[in-house]
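Trainee: need a 3D model of the following:
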Amino acid sequence: MIPRRALVVVATFLLSFLLYVDRVCISTAKVPIVAELGLTDAQFGWVLSAFAFGYALLQAPAGALADRYGARRILAMVVTFWSIFTGLTAAAWSFASMLVVRFLFGAGEAGAFPGMARAVYSWIPVNERGLVKGINFSASRLGAALTMPLLPWMIAQLGWKASFIVLMGIGVIWAVGWWLWFRDEPAEHRGITPVELAHIHATRQTQAVSAAPTAPLGVGTLLRSGNLWLMMGQYFAGNFTFFFCLSWLFPYVQKTYNLSYTQAGFYAMIPLLCGAAGNVFSGWMVDALFRANRPALSRRVPAIIGFVLAAGGLVLSANQAGVGGAVFWLSIAIFGADMTLSPSWSFCIDIGGKHAGQVSGTMNMAGNLGSALVALAFPYLLAWTGGAKTFFYVGAALNVVGIGLWMLARPEGKVEEGKS
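Mentor: Model (predicted):
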């Protein structure tokens with residue numbers, strides 16, 4: 001019999017895949033959208049940023065709700081909510097209406113990864129979490145990567161509006177399936193065997209009790225955690241690098257290297273596929289070091305290696321004349337940036353415990369403020385400096401800062417206990 005926790009991983013893999021398909025489709029549909037609505041590049045940057053602000057600002061509240069009411073209810077609700085606004089994107093008729101729709105779409109997606117973190121806390125043993133988080137994040141990169149070449153084809157067949165409506169329907173189907181199948185506590189799931197249940201209870205941090213909702217941590221408790229501040233800072237740095245691929249890479253390579261719509265899609269797909277590989281490799285490294293009785297190093301080493309690759313890849317990509325070299329080094333950078341994700345989320349589950357959703361959501365909030373900044377910084381820096389080098393150098397510098405922050409992080413410092 002397939003372990004039920006493996007099916008939980010499959011379900012969250014599919015959710016993560018869908019999450020990024022819905023997120024990236026706006027970037028690949030840029031040409032028909034800006035043509036229909038008459039948007040400038042700067043205005044389109046604000047559209048991308050509106051999503052990131054909505055996504056960032058609702059992270060901590062969504063995580064607290066997942067801790068209190070469980071991943072089953074919250075994930076079913078947020079996936080339905082954001083899917084509706086994916087469809088409503090097709091109804092936008094102006095710059096202002098598009099800003100509102102994409103902000104609310106981002107607010108809906110905010111609950112996804114904190115909700116998954118809460119499910120991981122309840123279902124996944126500590127020594128399996130690194131790979132599980134790596135698999136989840138690799139799905140997001142695969143979803144984004146396949147969207148780059150496939151959505152242009154879909155738009156050509158159906159039009160951009162009908163394509164967004166189709167994606168809405170897929171999301172609603174996932175939400176219904178999750179609600180019917182998943183349970184917040186392994187003991188509540190009819191299909192789980194006594195052996196697997198005993199294994200989960202023996203190897204996770206504590207035995208979460210679904211009958212008593214978890215009250216959210218106070219803002220003061222969160223702000224007193226030095227560990228959480230370190231995680232917020234390094235996640236901001238990593239997202240500054242990665243969100244470029246989700247927002248501006250497709251139009252950037254298409255315009256800079258005079259590529260066709262299809263060619264740009266395939267080139268934009270490569271760094272995202274490398275990001276998926278970086279997630280799985282990092283997740284494997286996290287668990288291998290943890291099993292070797294190196295719990296602190298299992299979080300710190302993969303993240304630091306990732307930030308080194310990200311910084312170097314951005315600098316080298318900025319100095320390439322051809323699209324092949326630029327995309328190759330950017331792929332190295334994204335492989336590295338995505339190596340930081342599994343240790344980051346594993347670290348937040350470590351220090352958050354039963355508050356894993358709220359703590360990881362707070363980290364993700366800070367990271368996605370970096371995403372919002374990227375969506376605006378790239379077009380404005382491009383206009384002010386006449387090239388992309390300044391943007392890449394800023395990203396490289398932030399990655400160096402991320403290395404320093406990880407050197408200070410201590411996974412044994414629990415947020416609820418007030419330890420740093």
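Trainee: tell me where the model's unsure across the stretch 151-300 of the chain.
Mentor: 205-215 (pLDDT under 70).
Trainee: which residues in it form helices?
Mentor: Applying DSSP state H, counting those that start in this stretch to the stretch 151-300 of the chain gives helices spanning 160-181, 194-203, 219-223, 226-247, 249-256, 261-291, 295-318.
Trainee: can I get the ones you listed in TSV with distance to residue 326 and mean neighbour count?
Mentor: For glycine as for every other residue, the C-beta is placed from the backbone atoms N, C-alpha and C. Shown next, in TSV, are the helices of the stretch 151-300 of the chain (distance: least, CB to CB, whole Å; neighbours: other CB atoms under 10 Å):
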stretch	distance to residue 326	mean neighbour count
helix 160-181	27	17
helix 194-203	45	14
helix 219-223	40	13
helix 226-247	12	25
helix 249-256	8	21
helix 261-291	9	22
helix 295-318	5	23
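Trainee: so which of these gets nearest residue 364?
Mentor: helix 226-247 (6.8 Å; CB to CB).
Trainee: now for the closest one, which elements pack on it?
Mentor: helix 4-28, helix 41-57, helix 261-291, helix 295-318, helix 323-339, helix 341-352, helix 356-385, helix 389-408 (3 or more CB pairs under 8 Å, 6 or more residues apart in numbering; DSSP states H and E).
Trainee: so for residue 191, which of those sits nearest?
Mentor: helix 4-28 (5.5 Å).
Trainee: next, the buried residues of that closest one.
Mentor: Residues of helix 4-28 classed as buried by neighbour count (16 or more other CB atoms under 10 Å): 4-5, 7-9, 11-28.
Trainee: got the angle for the next helix or strand after that helix vs helix 41-57?
Mentor: Remark: after helix 4-28, the chain's next helix or strand is helix 30-37, criterion DSSP states H and E. The directions of helix 30-37 and helix 41-57 differ by 110 degrees, with axes from the mean of the first three to the mean of the last three CA atoms, to 10 degrees as the criterion.
Trainee: contacts for helix 30-37?
Mentor: 26, 39-41, 43-44, 92-95, 98, 155, 159-160, 250-251, 261 (CB atoms under 8 Å, 6 or more residues apart in numbering).
Trainee: make it 7 Å
Mentor: 44, 94-95, 98, 155, 160, 251 (CB atoms under 7 Å, 6 or more residues apart in numbering).
Trainee: near residue 350, how many other residues are there?
Mentor: As a burial measure, residue 350 scores 26 neighbours (other CB atoms under 10 Å).
Trainee: how much space separates it from residue 360?
Mentor: Per CB to CB, to the nearest Å, residue 350 is found 10 Å from residue 360.
Trainee: contacting residues for residue 17?
Mentor: Per CB under 7 Å, 6+ apart, neighbours of residue 17: 139-140, 142-143.
Trainee: which ones among those lie within helices?
Mentor: 139-140, 142-143 (DSSP state H).
Trainee: among the residues you listed, which one sits closest to residue 57?
Mentor: residue 140 (20.1 Å).
Trainee: surely the closest one touches residue 19?
Mentor: Yes: applying CB atoms under 7 Å, one finds residue 140 in contact with residue 19, separated by 5.9 Å.
Trainee: what do the two both touch?
Mentor: Counting by CB under 7 Å, 6+ apart, nothing touches both residue 140 and residue 19.
Trainee: which element is the residue lying closest to residue 266 once chain neighbours are set aside on?
Mentor: Nearest non-adjacent residue to residue 266, counting by CB to CB, 6 or more residues apart in numbering: residue 149, 5.4 Å away. Using DSSP H and E, residue 149 falls within helix 129-158.
Trainee: and that helix, how far out from the chain's middle?
Mentor: Taking CA atoms, centre = their mean, to the nearest Å, one finds the center of helix 129-158 at 12 Å from the center of the full chain.
Trainee: show me what contacts the residue nearest to residue 171 when sequence neighbours are not counted?
Mentor: The spatial neighbour of residue 171 that comes closest, neighbours along the chain excluded (CB to CB, 6+ apart), is residue 83 at 2.9 Å. Residues in contact with residue 83, defined by CB under 7 Å, 6+ apart, are 168, 171-172.
Trainee: so residue 83 is in which element?
Mentor: Per DSSP H and E: helix 71-88 holds residue 83.
Trainee: show me which positions of the helix or strand that that helix is followed by end up buried.
Mentor: As assigned by DSSP H and E, the chain's next helix or strand after helix 71-88 is helix 95-109. Going by neighbour count (16+ other CB under 10 Å), the buried part of helix 95-109 is 95, 98-99, 101-109.
Trainee: dump the residues you listed into TSV; add distance to residue 186 and pLDDT as well.
Mentor: Shown next, in TSV, are those (distance: CB to CB, whole Å; pLDDT from 0 to 100):
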residue	distance to residue 186	pLDDT
95	48	93
98	42	94
99	42	94
101	38	94
102	37	94
103	36	94
104	34	95
105	32	94
106	32	91
107	30	91
108	27	90
109	26	91
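Trainee: between these, which sits nearest residue 366?
Mentor: residue 106 (15.0 Å).
Trainee: give me the nearest residue to that closest one, chain neighbours excluded.
Mentor: Here the residue nearest residue 106, using CB to CB, 6+ apart, is residue 54, at 3.0 Å.
Trainee: that neighbour against residue 104, yeah?
Mentor: Yes: counting by CB under 7 Å, residue 104 is a contact partner of residue 54 at 6.3 Å.
Trainee: out of the helices of the stretch 151-300 of the chain, flag the one nearest residue 63.
Mentor: Comparing those by CB to CB, helix 219-223 comes nearest, at 10.6 Å.
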